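Colleague: need a 3D model of the sequence below.
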Amino acid sequence: EADPRVRLNTGNLGPFSTLTEEVSHFLYLLYCARTDRSTTQLELELQGEVDKYLTAAFFLSLQNEGAVSVRLRELLFQRYRLAGGLSAEQAERYRAANDFAYRYCGFLERRFLRPSRVGELAQEARRFYRLGQREKLERIAGIA
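Modeller: Numbers count the residues shown, from 1 in each chain. As a prediction, the model looks like this:
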């Protein structure tokens, strides 16, 4: 009834985002293992946040003739709640990953979604994906 492939909206965005992040974690761990590269929990969470935004943006672009609402970034990165029972360290890691992803996805939005240049967005996303944590954080710092 609420298939995000048909219509992604505020009613199914939460479960869609959770699923996307979990799949992202699995695939990113697999990618790092295949390339014999270690990863950190912060890097894993950051990539999951970026993948969540990109997947939702691509779905929305397909469903809305290339248009992606500027509200998407706000919904994903500013209107969230952390799960209960997290340690202070875990909560800080999730907040940091969220903040870094918010900044990077803002850059993606400005550069590739206004106007829509989804092909170039995919190229940038692939480059970012292959970066290690230090390079990802440097990339984000360099876009400010």
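
Colleague: so where does the most centrally placed residue in the chain fall, helix or strand?
Modeller: For the chain, the residue nearest the mean C-alpha position is Val50 (1.7 Å; Cα atoms, centre = their mean). Per DSSP states H and E: Val50 is located in helix 41-63.

Colleague: what sits against the residue nearest to the centre of the chain?
Modeller: Taking Cβ atoms under 8 Å, 6 or more residues apart in numbering, we find Val50 in contact with Ala101, Tyr104, Cys105, Ala125, Phe128. All C-beta atoms are positioned from the backbone trio N, CA, C, and that covers glycine.

Colleague: swap in Glu21?
Modeller: Here Glu21 is in contact with Gly48, Glu49, Asp51, Lys52 (Cβ under 8 Å, 6+ apart).

Colleague: now for the helix or strand containing Gln123, which elements pack on it?
Modeller: Using DSSP H and E, Gln123 maps to helix 118-130. Judged by 3 or more Cβ pairs under 8 Å, 6 or more residues apart in numbering; DSSP states H and E, the packing partners of helix 118-130 are helix 41-63, helix 88-112.

Colleague: other SSEs contacting the following helix or strand past the first one?
Modeller: Remark: after helix 41-63, the chain's next helix or strand is helix 71-77, criterion DSSP H and E. With contacts taken as 3+ Cβ pairs under 8 Å, 6+ apart, helix 71-77 sits against helix 13-34, helix 41-63, helix 88-112.

Colleague: okay, now the unreliable bits of the chain?
Modeller: Counting by pLDDT under 70, the chain contains low-confidence ranges at 144.

Colleague: that older thread, can you list the helices and strands packed on helix 71-77 in CSV and add distance to Glu135?
Modeller: Shown next, in CSV, are the helices and strands packed on helix 71-77 (distance: least, Cβ to Cβ, whole Å):
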stretch, distance to Glu135
helix 13-34, 13
helix 41-63, 10
helix 88-112, 12
